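*Asks:* based on what follows, work out the 3D shape:
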Amino acid sequence: MRPSRPADLEDFLTLDTDPAVARFIWGEPPDPVERRTELEKRLRPENPRPGGSWTVVDRATSDFLGWCGLMPLEETGLIEIGYRYLPKAWGRGIATEAAARVLDHGFRAFEFDPIVAVSHLENLASQRVLQKIGLERRADAVHYGQTVAVFSLSRADYILSGTEADDGLSCTPTRSSPPRIPSP
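*Replies:* Coordinates of the predicted model:
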């Protein structure tokens, strides 16, 4: 994992316009021109997400696989953990490993409380990832224009669980710049 950067634009665009990936996010791939504009804004260094966004690459090949990060959940005031991966990364435990590291970082370095997540109702694989990292399904609600399953975990419950990602993180948490997560 490494901080996401403007040079990741083409990889992010390929990810977001993949029909299998877009299925659970938008239903169908977004317009590539519009999506490129949105991604260009999001990846600018002066527009960091609260908590951060990290690009996930294959350890052996350094090929782009996807991203994982912490960001505001619409206008709720809550911080959500989110991720998106190319199909070649699915079923390999990558989403769970990255999400566990980011969740731990969100609770320990940023002291976010709670951390939430949303998942398309039919995206059972994503829901399993959220459950594996300790989030519990709480309700269904409308976010991002669709009914989604809402998951959450409090910081106290996380800390009391004794869970800790072995990620070697060391950074000064700030709300204005994403923390760096070194490669394992």
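*Asks:* can you list the weak-confidence ranges in this protein?
*Replies:* The chain contains residues with pLDDT under 70 at 46-49, 164-184.
*Asks:* list the contacts for P114?
*Replies:* 78, 152-155 (CB atoms under 8 Å, 6 or more residues apart in numbering). (Each C-beta comes from the backbone N, C-alpha and C, glycine too.)
*Asks:* check Q146 too.
*Replies:* Contacts of Q146 by CB under 8 Å, 6+ apart are H120.
*Asks:* do the same with the one 5 residues further on
*Replies:* Applying CB under 8 Å, 6+ apart to F151 gives the contacts 116-119, 127, 130-131, 135-138.
*Asks:* check those for burial and list the buried ones.
*Replies:* In those, burial by neighbour count holds for 116-119, 127, 130, 135, counting by 16 or more other CB atoms under 10 Å.
*Asks:* just the ones of those in helices?
*Replies:* Mapping these onto helices (DSSP state H) picks out 127, 130.
*Asks:* sorry, back to before: for the contacts of P114, give me a markdown table that also has distance to E111.
*Replies:* Converted to a markdown table, these look like this (distance: CB to CB, whole Å):
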| residue | distance to E111 |
| --- | --- |
| L78 | 14 |
| S152 | 16 |
| L153 | 14 |
| S154 | 12 |
| R155 | 7 |
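*Asks:* name only those of those residues that count as buried.
*Replies:* Buried members of those, counted by 16+ other CB under 10 Å: 78, 152-153, 155.
*Asks:* inside helices: which ones of those?
*Replies:* Here DSSP H is the test, and those give R155 as lying in helices.
*Asks:* ok, of the buried ones among the contacts of P114, which one's closest to D63?
*Replies:* Nearest to D63 out of the buried ones among the contacts of P114 is L153 (CB to CB; 30.8 Å).
*Asks:* the closest one touches E136, doesn't it?
*Replies:* Yes - using CB atoms under 8 Å, L153 makes contact with E136 at a distance of 6.7 Å.
*Asks:* identify the farthest-apart pair in the buried ones among the contacts of F151.
*Replies:* Using CB to CB, the pair of the buried ones among the contacts of F151 lying farthest apart is V116 and Q127, separated by 13.3 Å.
*Asks:* please enumerate the helices of this structure.
*Replies:* According to DSSP H, the helices that the chain contains are 9-16, 19-22, 32-42, 94-108, 124-132, 155-161.
*Asks:* go through these and pick out the most buried.
*Replies:* Of all the helices of the chain, helix 94-108 has the most neighbours on average by mean count of other CB atoms under 10 Å, namely a mean of 23.
*Asks:* quick one, that one and helix 124-132 angle?
*Replies:* Here the directions of helix 94-108 and helix 124-132 differ by 40 degrees (axes from the mean of the first three to the mean of the last three CA atoms, to 10 degrees).
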